[in-house]
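> Pasting the sequence and the predicted coordinates here, then a few questions.
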Amino acid sequence: MVKTSPFPILVRHFFLRLFNNDFIAFEDQMKEKTISFLALIAILSAHIANSVLMKYLFVQDDGISWVEKCYFISFVMLLLGFITVFEWDVIFPDARDFDNLLFLPVKLKMIFASKFTSLCLFVGLFALGANAISVLAFWFHLMPWQEDQGILFSLFFIFVHFVSLIAACFFVFFLFVFMIGVFMVIFPAKLFRAFSLFFRTVLMIFCVFLMVYIVSQSFTSSSYFNSLPALKANNSLSFYLFPPMWFTGLYESLLGNSDPQFGICSSIALISLVLVIGGFFISAALGYKKYCRKMDIKQKKSSLFTGPKNILSRLLHTIFLRNPIQRAVFHFVGKTLKHSMVHKMRLAIFIALGVSLELILLISNARNLYSISQLNTTFLTLPMILTVFLLIGIRSVVNIPKSLEANWIFRLTEEHSLNHYLSGLRKGIMFYILFPLFALVFIFFSFLYGWDIGFLHSLYGVVLGGLFIEVLFLRFHKIPFACSYLPGKAKVHFFWLVYFVAFILYVSLISRIELALLQKPSLFFLFLGISFFTFLGLRIYQNNYLFNKWQIIYEDKPDPVMVTLLLDKN
């Protein structure tokens, strides 16, 4: 019998855990989604590289192409940063890993070494994906301007490109991992879970915003990258404090550029890479020590707010949730959004996209910041953008089951009418999402423009949000968070352009309508009347037409492999 080393088995285990997480249920989905995502980032990276290097078809590279290299490295680092935040939960060995592995005859250093190796393979995989096609764009546009045109130097150029980009990816990945480890050690477990969601959302907003911003700005006159040659000429400190510049310096130094400034940047890159990798091992060891120390400690839940919660619950049941089906769905929605990290993180992605778009909108309309005391469509649009992304996010996450076993109670108590099920879902979204959001909006706008403007703006947002919920869930006939689903049935990749255009038209239209309403508040009664009859029409159509034909779908069925034409045999 051949004895197998546990090291490769552990590496494979940890590597697959990075993909087969709570977002992907089955191994087939894991392979399909990974290949699709790698293909997507390869094509996107190649397009960006080709766009910024296109000018070298007509203009000679006089030693300034390092600016485009820095631009591309910045984009790839931000992309890897976003992926790191997305994979946050499975980067470090968790309680399940420790519970399963610590009692086996496996040394602790082997666990950490195998985990580190799996992370290196993970980063390397995505770094190779991001550069698989883009390296050809760099070779095609820049090689003709190199002094050495031989085959060996061409291969060396490609090698340097990969080494520099992989080093940049390793740096940003382990930098984020180090931050995760530090927070895990500093904060108690319960506080870390609460802080983790906020910090991950902020990091996702940071990465998405900068990716979209640098792509949209490219090399315009206001772009930071256009100022890099001047910063380099002045030997500015900010030139050396920009992390992508470190790996640009490594790129240039490996190619033989003897510029001392690139040499300094290259040294900083190598030192920082060693430091963040060392930080990973230190934070992982401290996290393990903390875990072992608290293995037998059971946390007690605080009951400080039990009384007020019970009072609020009784009021809700008496006034808004009289039907028991509505109560069940309402509380199931609230508990899932509160305790399920999977659903909260999916929702956080939509929040990050919405906030990033708002930041770009503010920057592109910076002149409105100087007239913040005056109403304008830019500020009126911001809550509406976030509302749209939040509600679309909710529409997406309710399809994902928290636990399929949870639907058995709904099966046993199922009613023929779907009205109460959907009503409980609508009320849950209004109570847990819309009302808290526009309560904050009311406070902010009341401070800026007075309580009357704050109230009308919040009322406008809540009414439009309620109508948007009606439209989004018009054809929804499932138990939220409790039914199986098939990924890809929405076919967003086919209709994304239509959705994007509709979103732009919707947001621009409602902000202009609201500005007109706020300038003449008496028209708000007309708006409320139109909204009421629109709501009533949608509800009548749903109750009298759709619900009479539909039943609750507990399990999504895949599309048939073979489609028959139903032709008459005779």
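Cool, got the structure. Numbers count the residues shown, from 1 in each chain.
> Regarding residue 414, what is its secondary structure?
Counting by DSSP: H, G, I helix; E, B strand; the rest coil, the backbone at residue 414 sits in coil.
> In contact with it: list those residues for me.
Listed by CB atoms under 8 Å, 6 or more residues apart in numbering, the contact partners of residue 414 are residue 552. For glycine as for every other residue, the C-beta is placed from the backbone atoms N, C-alpha and C.
> how much space is there between it and residue 216?
49 Å (CB to CB, to the nearest Å).
> And what about residue 485, helix, strand or coil?
What three-state DSSP gives for residue 485 is coil.
> helix or strand for residue 480, which one?
Under DSSP states H and E, no helix or strand contains residue 480.
> residues of the helix or strand containing residue 454 that come out buried?
Per DSSP H and E, residue 454 falls inside helix 451-472. Of all the residues in helix 451-472, those buried under the rule 16 or more other CB atoms under 10 Å are 453-454, 456-458, 460-470, 472.
> I'd like the distance from the closest residue in space to residue 114 that isn't next to it in sequence to residue 116, if you could.
Counting by CB to CB, 6 or more residues apart in numbering, residue 114 lies nearest to residue 10, which is 3.6 Å off, once chain neighbours are set aside. As judged by CB to CB, residue 10 and residue 116 stand 11 Å apart.
> show me the contacts for residue 151.
Counting by CB under 8 Å, 6+ apart, residue 151 touches no other residue.
> follow-up on the earlier one: so what does the helix holding residue 454 touch, helix or strand wise?
The criterion is 3 or more CB pairs under 8 Å, 6 or more residues apart in numbering; DSSP states H and E, and the helices and strands that helix 451-472 contacts are helix 377-397, helix 419-429, helix 435-449, helix 492-519, helix 524-541.
> can you put the ones you listed in a markdown table and add mean neighbour count and mean pLDDT?
Formatted as a markdown table, the helices and strands packed on helix 451-472 follow (neighbours: other CB atoms under 10 Å; pLDDT from 0 to 100):
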| stretch | mean neighbour count | mean pLDDT |
| --- | --- | --- |
| helix 377-397 | 21 | 86 |
| helix 419-429 | 22 | 87 |
| helix 435-449 | 16 | 88 |
| helix 492-519 | 13 | 78 |
| helix 524-541 | 13 | 89 |
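> Figure out which of those is closest to residue 163.
Of all the helices and strands packed on helix 451-472, helix 492-519 sits nearest to residue 163, with 33.4 Å by CB to CB.
> who does that closest one touch, helix- and strand-wise?
Applying 3+ CB pairs under 8 Å, 6+ apart, we find helix 492-519 packed against helix 377-397, helix 451-472, helix 524-541.
> if we can go back for a sec, ok, residues contacting the helix holding residue 454?
375, 380, 383-384, 387-388, 391-392, 395, 426, 429-430, 434-435, 437-439, 441-448, 510, 514, 517-518, 521, 524, 527-528, 531, 534-535, 538-539.
> 6 Å - rerun?
Helix 451-472 is contacted from outside by 383, 387, 391, 395, 426, 429, 434, 438, 441-442, 445-446, 514, 531, 538, using CB atoms under 6 Å, 6 or more residues apart in numbering.
> tell me the mean pLDDT over it?
Average pLDDT, helix 451-472: 90.
> Same question for stretch 34-44.
Across stretch 34-44, the average pLDDT comes to 80.
> How about stretch 227-238?
The predicted model assigns stretch 227-238 a mean pLDDT of 87.
> Span of it from start to end?
Stretch 227-238 has an end-to-end distance of 11 Å (CA to CA, to the nearest Å).
> Make 13 the first number, not 1, from now on.
Got it, the first residue is 13 from now on, which makes the last one we talked about stretch 239-250.
> List the contacts of it.
The set of residues external to stretch 239-250 that reach it, using CB under 6 Å, 6+ apart, is 79, 251.
> Please report the distance of residue 426 from residue 436.
On the measure of CB to CB, residue 426 and residue 436 end up 14 Å apart.
> For residue 155, find the nearest of the helices and strands packed on helix 463-484.
Closest to residue 155 of the helices and strands packed on helix 463-484, according to CB to CB: helix 504-531, at 34.5 Å.
> now the closest one against helix 389-409, angle please.
On the basis of axes from the mean of the first three to the mean of the last three CA atoms, to 10 degrees, helix 504-531 is oriented at 140 degrees to helix 389-409.
> Helix 504-531 versus helix 463-484: what angle between them?
150 degrees.
> Skip ahead from the lowest-mean-pLDDT helix or strand in the chain and say which helix or strand is next.
Considering only helices and strands, the least confidently modelled element of the chain by mean pLDDT, DSSP states H and E is helix 107-113, at a mean of 63. Of the helices and strands lying after helix 107-113 in sequence (DSSP H and E), the nearest is helix 120-143.
> Show me what that next one is packed against.
With contacts taken as 3 or more CB pairs under 6 Å, 6 or more residues apart in numbering; DSSP states H and E, helix 120-143 sits against helix 18-29, helix 39-65, helix 163-198.
> got those as a markdown table, with distance to residue 103 columns?
Listed next are the helices and strands packed on helix 120-143 as a markdown table, based on distance: least, CB to CB, whole Å:
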| stretch | distance to residue 103 |
| --- | --- |
| helix 18-29 | 10 |
| helix 39-65 | 17 |
| helix 163-198 | 6 |
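> Out of those, flag the one nearest residue 339.
Closest to residue 339 of the helices and strands packed on helix 120-143, according to CB to CB: helix 39-65, at 34.1 Å.
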